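> build me a structure from this.
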Amino acid sequence: MGAPSSHPALVIAPIALAKPDAASALGMSIDSFERYVMAQVRCIRRGRLRLFPVEELRRWADENAEWLLGRRTGMAGHQS
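Next comes the predicted model:
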């Protein structure tokens, strides 16, 4: 082993995820991801490889989010 580096480790946020990671990022099973999400997001295809751009997953989540109890206005500490 070499000497420890004085430079912090570079953390690179992924820009696209494989199907299991994309499903996990949305908090759902692969089966649910295939059923509810895959047909509504673009993917990067290279041979058998399928990658789902993080921005597409965010867009899908944004478009499918809803207020469960109706949108409230004037909540303290929240902007509407």
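
> mean confidence for stretch 10-20?
Taken as a whole, stretch 10-20 has a mean pLDDT of 95.

> same for the longest strand along the chain, what does it pack against?
When the chain is parsed with DSSP state E, its longest strand is strand 49-53. Packed against strand 49-53, as judged by 3 or more C-beta pairs under 8 Å, 6 or more residues apart in numbering; DSSP states H and E, are the following elements: strand 16-18, helix 19-25, strand 44-46. Yep, even glycine has a C-beta here, placed from its N, CA and C like the rest.

> got a list of contacts for that strand?
15-19, 22, 41-44 (C-beta atoms under 8 Å, 6 or more residues apart in numbering).

> low-confidence ranges in this structure?
With pLDDT under 70 as the threshold, the chain has low-confidence stretches at 1-5, 72-80.

> tell me which stretches of it form helices.
With DSSP state H as the criterion, the chain has helices at 19-25, 30-32, 54-64.

> how about those helices in a markdown table, adding mean neighbour count?
Converted to a markdown table, the helices of the chain look like this (neighbours: other C-beta atoms under 10 Å):
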| stretch | mean neighbour count |
| --- | --- |
| helix 19-25 | 17 |
| helix 30-32 | 11 |
| helix 54-64 | 14 |
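
> out of the ones you listed, which gets nearest to Pro8?
Using C-beta to C-beta as the measure, helix 54-64 is the one of these that comes nearest Pro8, at 23.0 Å.

> angle of that closest one against strand 49-53?
Calculated by axes from the mean of the first three to the mean of the last three C-alpha atoms, to 10 degrees, helix 54-64 forms an angle of 60 degrees with strand 49-53.
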